[in-house]
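In: coordinates only, no sequence provided:
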């Protein structure tokens, strides 16, 4: 109790002595660096409209920086712009642009280093190489920012939002375009990625590496090299996202590699080359998703085991399910398949004949992709029919024993 009383008193003393410093062409402070130098913990720096050609601005105090009418902070393609090394810093309302590309250091528009409680909200970052870069930080909020890059190739571009060795982070309602990866997480735990739009990125819209107990919900991943990649991670909740038009020779809506004990629920996959690709994806719950007009809806390799695929809708995909194994180690039950040709005599909404979603031709294409040229051949239709009647090459146990007669809406 005495500790709480002391903290209340301490915070009130700080607020009483907090000062607002103004930065503008005719103000006492004409540069952001000068205002920071003269500030104290708890102060607010109000930066008014104008162009500030400053770089390597270090924020090493607990400050609030507010941009009024979108002041432009320009690194002139030669510098990192803001580096935050203090806790509880807030940045809002800036246009940050023109960070210089570097092949030796990861320059960023805003670089947060070993800090807690940083809030970066409602900023515009344009041509910043790395947009917002956080390392060894925690309990930060990145929200309502627009981050626009000019990426053409992976080697010469950075990520829009990059987190390394962080925890308890929230990334919400950001619009991200044209970077290497839209959002990149490496060794990031207990964090949320919510309601972002990430599109037109060279590699991935969202990329997980060695990150556990994270959630991404309500995001849109559109027209990226691949929508999302989750690798070497566990306990990831993937819910209510839209994976749209991630299309190309090696493009995926969702790429899973060495991922365990995770859930993929209520997502929508439309017009992706491969909606979900799984390699060593284990103990996943894939349910209530919609797969529509994809090349492959599910490509789960033989190393993917103990997964449950249920209550999903498969509409007009070229291949609903593909695998490279003659055995099945997963459970498919209660899905709707637009290609199902069975019947329901007892009218309970469940097909009386099990459905085999793996076509022989998809099995062949998995081994020899060039054979896709025969896709519309009548001979292929004959092969698929023969394999469905008497499975020889495709997994005999890969069946949906309770196919739905109507979509699960």
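Out: Looks like it arrived, so ask away. The model shown is predicted, which means the values in this text are computed figures rather than measured ones.
In: make it CA atoms for all contacts and neighbour counts henceforth
Out: Will do.
In: ok, residue 217 to residue 358 distance?
Out: 30 Å (CA to CA, to the nearest Å).
In: more crowded one of these two?
Out: residue 358 (23 against 20; other CA atoms under 10 Å).
In: quick check: bridge partners of that one?
Out: Counting by DSSP bridges, residue 358 is bridged to residue 321.
In: what pLDDT does it get?
Out: pLDDT recorded at residue 358 is 86.
In: list the contacts of it.
Out: 319-323, 394, 398 (CA atoms under 8 Å, 6 or more residues apart in numbering).
In: note down every partner strand of the strand or helix carrying residue 111 and its orientation.
Out: Using DSSP states H and E, residue 111 falls within strand 108-113. Its sheet considered, strand 108-113 pairs with strand 82-84 (parallel), strand 130-135 (parallel) by DSSP bridges.
In: work out the gap between the shortest one and the centre of the chain.
Out: Relative to the chain's own centre, strand 82-84 is displaced by 24 Å; criterion: CA atoms, centre = their mean, to the nearest Å.
In: and what of stretch 256-270?
Out: 12 Å.
In: just to revisit the earlier point, who's in contact with the strand holding residue 111?
Out: 80-85, 96-97, 99, 125, 128-137.
In: got a list of contacts for the helix or strand just after that strand?
Out: Using DSSP H and E, the helix or strand that follows strand 108-113 in sequence is strand 119-121. Outside strand 119-121, the residues within contact range by CA under 8 Å, 6+ apart are 88-93, 140-145.
In: now the element after strand 119-121, going C-ward?
Out: Once the chain leaves strand 119-121, the next helix or strand it forms, by DSSP H and E, is strand 124-126.
In: that next one packs against which elements?
Out: With contacts taken as 3 or more CA pairs under 8 Å, 6 or more residues apart in numbering; DSSP states H and E, strand 124-126 sits against strand 95-97, strand 146-148.
In: each with direction, which strands does that strand pair with?
Out: Applying DSSP bridges to the sheet, strand 124-126 is found paired with strand 95-97 (parallel), strand 146-148 (parallel).
In: still on that earlier bit, and the helices and strands packed on strand 124-126 as JSON lines, adding mean pLDDT, mean neighbour count and distance to residue 173?
Out: Output for the helices and strands packed on strand 124-126, formatted as JSON lines (pLDDT from 0 to 100; neighbours: other CA atoms under 10 Å; distance: least, CA to CA, whole Å):
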{"stretch": "strand 95-97", "mean pLDDT": "98", "mean neighbour count": "25", "distance to residue 173": "17"}
{"stretch": "strand 146-148", "mean pLDDT": "98", "mean neighbour count": "23", "distance to residue 173": "9"}
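In: looking at the ones you listed, which is nearest to residue 197?
Out: Of all the helices and strands packed on strand 124-126, it is strand 146-148 that lies closest to residue 197, at 9.7 Å by CA to CA.
In: who touches the closest one?
Out: Residues contacting strand 146-148 (CA under 8 Å, 6+ apart): 122-127, 131, 160, 174-179.
In: try stretch 242-251
Out: The contact list for stretch 242-251, computed with CA under 8 Å, 6+ apart, reads 218-227, 252-254, 267-275.
In: can you give the distance of that stretch from its chain's centre?
Out: On CA atoms, centre = their mean, the centre of stretch 242-251 falls 14 Å from that of its chain.
In: what's the end-to-end length of that stretch?
Out: Distance across stretch 242-251, first residue to last, is 15 Å (CA to CA).
In: same check, this time on stretch 168-186
Out: First-to-last residue span, stretch 168-186, CA to CA: 13 Å.
In: any idea how far it is from the chain center?
Out: The chain centroid and the centroid of stretch 168-186 are separated by 7 Å, computed with CA atoms, centre = their mean.
In: and it, average pLDDT?
Out: Rounded mean pLDDT across stretch 168-186 is 98.
In: try stretch 292-310
Out: Stretch 292-310 comes out with an average pLDDT of 95.
In: buried sites along it?
Out: Neighbour-count burial for stretch 292-310 flags 292-310 (criterion: 16 or more other CA atoms under 10 Å).
In: with stretch 106-125 instead?
Out: So, applying 16+ other CA under 10 Å, buried residues of stretch 106-125: 106-113, 115-125.
In: who touches residue 126 in this structure?
Out: 95-98, 147-149.
In: adding distance to residue 203, write these out as a markdown table.
Out: Shown next, in a markdown table, are the contacts of residue 126 (distance: CA to CA, whole Å):
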| residue | distance to residue 203 |
| --- | --- |
| 95 | 25 |
| 96 | 23 |
| 97 | 22 |
| 98 | 22 |
| 147 | 16 |
| 148 | 15 |
| 149 | 13 |
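In: circling back to that earlier point, restricted to strands, list the buried residues of stretch 292-310.
Out: Assigned to strands by DSSP state E, the following of these qualify: 292, 296-300, 308-310.
In: from the residues you listed, which single one is nearest residue 236?
Out: residue 308 (15.5 Å).
In: wait, what's in contact with that closest one?
Out: Counting by CA under 8 Å, 6+ apart, residue 308 has contacts 283-287, 330-333.
In: same check on residue 166?
Out: Contact analysis of residue 166 by CA under 8 Å, 6+ apart lists 134-138, 187-189.
In: residues in contact with stretch 229-239?
Out: By CA under 8 Å, 6+ apart, stretch 229-239 touches 204, 206-218, 254-267.
In: and these, which of them are in helices?
Out: Taking DSSP state H, every one of the contacts of stretch 229-239 sits outside helices.
In: now those: which count as buried?
Out: For the contacts of stretch 229-239, a burial check counting by 16+ other CA under 10 Å picks out 204, 206-218, 254-267.
In: out of those, list just those in strands.
Out: Per DSSP E, these map to strands at 204, 206-209, 215-217, 254-260, 263-265.
In: hey, which helix or strand in the protein has the poorest pLDDT?
Out: Lowest by mean pLDDT, DSSP states H and E among the helices and strands of the chain is helix 2-17, with a mean of 43.
In: make TSV out of the strands paired with strand 108-113 and add distance to residue 36 and mean pLDDT.
Out: Conversion of the strands paired with strand 108-113 to TSV gives the following (distance: least, CA to CA, whole Å; pLDDT from 0 to 100):
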stretch	distance to residue 36	mean pLDDT
strand 82-84	12	98
strand 130-135	20	98
